[in-house]
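> sequence plus predicted model, see below.
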Amino acid sequence: MSKSTESFYKRLKKQLEISNKWPTQYKFKFIIKSEKGDEKKLIEIFKDLNPKIDVKKSSTNKFKSFSILIESYSPDQIIEIYQLASEIDGIISL
């Protein structure tokens, strides 16, 4: 992991610790290309977390956006999910 990525996750963890009471509802938002078949990879990350998933296609059907709501128990859990998702080629985390 690069120093800038590591620094980003440290800042994110501090922000999450300050701004939330744990456990908390947390919404992830991601965008992936429709044709790549990465939807299964993304959903697999959340399989044991009882997620509420909302999927929308772009007007050109080139992209899909995912809003995924989970009950999270710690900032570390959220960061781990972002790190796993970042392994999906071309994913955009919002």
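It's in. Numbers count the residues shown, from 1 in each chain.
> which residues of this structure score low on pLDDT?
Within the chain, no stretch has pLDDT under 70.
> what are the ranges of the helices in it?
3-19, 39-45, 75-85 (DSSP state H).
> looking at those, spot the one closest to Lys52.
helix 39-45 (12.1 Å; Cβ to Cβ). Heads up, the C-betas are built off the backbone N, CA and C, glycines and all.
> list the buried residues in the closest one.
Using 16 or more other Cβ atoms under 10 Å as the test for burial, helix 39-45 gives 39, 41-42, 45.
> can you list contacts of it?
The contact list for helix 39-45 (Cβ atoms under 8 Å, 6 or more residues apart in numbering) reads 30, 32, 51, 53, 55, 64, 66, 81, 84-85, 88, 91.
> apply 10 Å and report the result again.
Helix 39-45 has contacts (Cβ atoms under 10 Å, 6 or more residues apart in numbering) with 28, 30, 32-33, 51, 53, 55, 64, 66, 68, 80-85, 87-89, 91.
> what's the answer for stretch 52-64, then?
With Cβ under 10 Å, 6+ apart, stretch 52-64 has contacts from 25, 27-36, 38-39, 42-43, 46, 65-71, 90, 92.
> follow-up on the earlier one: are any of the contacts of helix 39-45 buried, and if so which?
28, 30, 32-33, 51, 64, 66, 68, 81-82, 85, 88, 91.
> out of the residues you listed, list just those in strands.
Mapping the buried ones among the contacts of helix 39-45 onto strands (DSSP state E) picks out 28, 30, 32-33, 64, 66, 68.
> please convert these to JSON lines, extending it with distance to Leu16.
Output for these, formatted as JSON lines (distance: Cβ to Cβ, whole Å):
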{"residue": "Phe28", "distance to Leu16": "12"}
{"residue": "Phe30", "distance to Leu16": "17"}
{"residue": "Ile32", "distance to Leu16": "24"}
{"residue": "Lys33", "distance to Leu16": "28"}
{"residue": "Lys64", "distance to Leu16": "26"}
{"residue": "Phe66", "distance to Leu16": "20"}
{"residue": "Ile68", "distance to Leu16": "16"}
